[in-house]
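Asks: just need the structure, nothing else, for what follows:
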Amino acid sequence: MRYGFTTGSCAAAAAKAAAYMLLTGKQKTEITIETPKGISCSMRLADINRGETCVSCAVEKDGGDDPDITTGSLIVAEVRHGEKPGIEIDGGAGVGRVTKPGLDQKIGNAAINRVPREMIRKEVEEICRAADYQGGLKIIISVPGGELLAKQTFNPRLGIIGGISILGTSGIVEPMSAQAIRDTIRIELNQRRIQGFDYVVVSPGNYGIDFMKRTYGYDLDKSVKCSNFIGDTIDMAAELGYCRLLLTGHIGKLVKVAGGIMNTHSREADCRMELLAAFSVKAGMEPERIRKLLECVTTEEAVHVLEDGGKLPEVMEQAAERICYYLEKRAGGKLAVDCILYTNESGELARSKGAEKWFTLLEQEAEQPI
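Replies: Model prediction:
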């Protein structure tokens with residue numbers, strides 16, 4: 001299946017091209033960027049508007065074979081000279097604005113996530129250096145029709161108002177064919193098993209990769225990515241003869257498993273706050289805080305509520321215990337399972353009782369201290 005580009009990559013490419021045309025005075029019809037995944041992408045430019053103090057251009061979003069509602073949308077970057085040194089990034093029409101806590105950006109900021117902001121800054125700074133430009137630049141990212149598109153997403157529920165989010169952690173959109181993902185999981189598990197390993201680290205994705213490297217010295221790129229198919233991955237691991245499995249990931253994804261949910265896609269089920277509320281009741285948290293917990297739209301926000309109520313460690317310990325319970329039940333006793341839960345903001349939230357032995361295993365495999 002064909003890969004595509006994230007909205008973050010499109011925004012970075014458009015911003016780089018607009019900055020180039022503004023600072024050099026030269027025309028540009030195609031631009032190349034390097035994605036965080038290390039893949040270089042060349043993109044054609046559309047709707048070029050050039051002036052002495054401002055240039056704008058667009059890149060058409062191509063999601064590849066992924067069923068993405070933003071495919072075909074124009075991601076527009078307007079670049080103008082700034083009043084102060086440095087690069088300022090903001091959102092314009094069709095880009096949402098954050099109105100609730102617990103998201104990637106602070107309340108009031110445009111919903112341009114951290115990695116896309118870093119991509120935009122990196123690519124534009126490259127142009128500034130090449131043009132020997134020392135002044136400031138203001139970059140506005142907009143998406144024509146983005147407000148209508150956002151109504152088909154979870155943005156309104158999350159408190160992102162007025163448009164879509166500019167997203168992406170790798171810069172590349174990998175096609176989300178369910179069977180293709182399952183086949184890939186099986187291939188990765190089988191390859192590792194053939195190499196002689198009877199244990200495996202599984203992660204839904206790359207979210208939290210910096211935390212895992214910093215805290216445990218473990219690169220999530222070495223793990224088997226299971227996406228939302230956690231139950232299927234357990235089945236395959238047991239079938240292939242693995243003895244031990246470590247599931248590590250963000251609480252927002254894995255807390256669903258604590259309720260026995262084995263496909264964590266939002267369209268399949270979402271009872272994150274209900275599960276956290278149930279664990280909070282058992283931990284003895286006061287009713288008013290439990291009500292506040294149920295009103296949270298993100299688990300990052302919920303973590304703060306639990307922390308303020310003094311029940312975070314106890315609730316997370318319950319969640320880790322139930323995750324292992326359901327995963328071992330799914331494995332039918334063929335597989336010992338451990339888990340580590342975290343958020344990028346709060347760090348480690350909990351680890352199962354048997355997780356400690358994994359540090360030695362991973363250290364031996366990586367031949368580096370953890």
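Asks: and stretch 31-47, which residues are buried?
Replies: Across stretch 31-47, burial judged by 16 or more other Cβ atoms under 10 Å covers Ile31, Ile33, Glu34, Thr35, Pro36, Lys37, Cys41, Met43, Leu45. Where C-beta positions appear, they are placed from N, C-alpha and C, glycine not excepted.
Asks: in strands, which of those fall?
Replies: Members of the buried residues of stretch 31-47 lying in strands (criterion: DSSP state E): Ile31, Ile33, Glu34, Cys41, Met43.
Asks: who does the fourth one bridge with?
Replies: Bridge pairing for Cys41 (DSSP bridges) gives the partners Ile33.
Asks: quick one: it from Ala18, how far?
Replies: Separation of Cys41 from Ala18 (Cβ to Cβ, to the nearest Å) stands at 17 Å.
Asks: got it, and the first one?
Replies: Applying Cβ to Cβ, the value for Ile31 to Ala18 is 9 Å.
Asks: span of stretch 22-30 from start to end?
Replies: For stretch 22-30, the separation between the terminal residues is 15 Å (Cα to Cα, to the nearest Å).
Asks: distance between it and the chain's centre?
Replies: 32 Å (Cα atoms, centre = their mean, to the nearest Å).
Asks: now do stretch 309-318
Replies: Worked out by Cα atoms, centre = their mean, stretch 309-318 lies 24 Å from the chain centre.
Asks: mind listing what's buried in that stretch?
Replies: Here stretch 309-318 shows Gly309, Lys311, Leu312, Glu314, Val315, Met316, Glu317, Gln318 as buried, counting by 16+ other Cβ under 10 Å.
Asks: so what touches it?
Replies: Residues from elsewhere that reach stretch 309-318, judged by Cβ atoms under 8 Å, 6 or more residues apart in numbering: 251, 258, 276, 279-280, 282-286, 289, 303, 306, 341, 349-350.
Asks: show me those residues that map onto strands.
Replies: Leu341, Leu349, Ala350.
Asks: ok, and the most crowded of those?
Replies: Greatest neighbour count in those, by other Cβ atoms under 10 Å, goes to Leu341: 27 neighbours.
Asks: poorly predicted segments of the stretch 201-350 of the chain, please.
Replies: The model of the stretch 201-350 of the chain has pLDDT under 70 over residues 206-211, 220-221.
Asks: strands along that one, start to end?
Replies: Along the stretch 201-350 of the chain, counting by DSSP state E, counting those that start in this stretch, strands occupy 224-225, 244-250, 336-343, 347-351.
Asks: distance to Thr215 added to these, as TSV?
Replies: Listed next are the strands of the stretch 201-350 of the chain as TSV, based on distance: least, Cβ to Cβ, whole Å:
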stretch	distance to Thr215
strand 224-225	19
strand 244-250	10
strand 336-343	8
strand 347-351	6
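Asks: give the buried residues for the helix or strand encompassing Glu125.
Replies: Secondary structure from DSSP states H and E places Glu125 in helix 114-130. Across helix 114-130, burial judged by 16+ other Cβ under 10 Å covers Val115, Pro116, Arg117, Met119, Ile120, Arg121, Glu123, Val124, Glu125, Ile127, Cys128.
Asks: for those residues, which one is nearest Gln195?
Replies: Gln195 has its nearest neighbour among the buried residues of helix 114-130 in Val115, at 31.4 Å by Cβ to Cβ.
Asks: isn't the closest one up against Thr35?
Replies: No. At 9.8 Å, Val115 does not count as touching Thr35 under the criterion of Cβ atoms under 8 Å.
Asks: can you check which residues contact both of those two?
Replies: With Cβ under 8 Å, 6+ apart, Val115 and Thr35 have common neighbours Gly171.
Asks: circling back: looking at the buried residues of stretch 309-318, which is nearest Asp68?
Replies: In terms of Cβ to Cβ, no member of those lies closer to Asp68 than Met316, at 33.0 Å.
Asks: name the strands paired with the strand or helix carrying Leu137 and say parallel or antiparallel.
Replies: For Leu137, the host element (DSSP H and E) is strand 136-142. According to DSSP bridges, strand 136-142 has the following sheet partners: strand 74-81 (antiparallel), strand 86-91 (parallel).
Asks: so what touches the shortest one?
Replies: Same thing as strand 86-91. So strand 86-91 is contacted by 82, 97, 110-112, 117, 120-121, 124-125, 128, 136-142, 163, 166 (Cβ under 8 Å, 6+ apart).
Asks: find the nearest non-adjacent residue to Ala131, please.
Replies: Leu23 (4.0 Å; Cβ to Cβ, 6 or more residues apart in numbering).
Asks: give me phi/psi at the residue of the chain most remote from its centre?
Replies: Using Cα atoms, centre = their mean, the residue of the chain lying farthest from its centre is Glu52. It sits 37.6 Å away. Torsion angles at Glu52 (phi, psi; degrees, to the nearest 10) stand at phi -70, psi -30.
Asks: quick one, helices of the protein?
Replies: 7-24, 114-130, 146-150, 155-158, 178-194, 209-216, 230-239, 251-254, 272-283, 287-294, 299-308, 312-330, 356-366 (DSSP state H).
Asks: and the ones you listed as a markdown table, adding distance to Gly92?
Replies: Output for the helices of the chain, formatted as a markdown table (distance: least, Cβ to Cβ, whole Å):
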| stretch | distance to Gly92 |
| --- | --- |
| helix 7-24 | 11 |
| helix 114-130 | 14 |
| helix 146-150 | 9 |
| helix 155-158 | 16 |
| helix 178-194 | 35 |
| helix 209-216 | 29 |
| helix 230-239 | 38 |
| helix 251-254 | 29 |
| helix 272-283 | 32 |
| helix 287-294 | 34 |
| helix 299-308 | 26 |
| helix 312-330 | 38 |
| helix 356-366 | 44 |
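Asks: buried deepest among these, which one?
Replies: Scoring the helices of the chain by mean neighbour count under mean count of other Cβ atoms under 10 Å gives helix 7-24 as the most buried, with a mean of 28.
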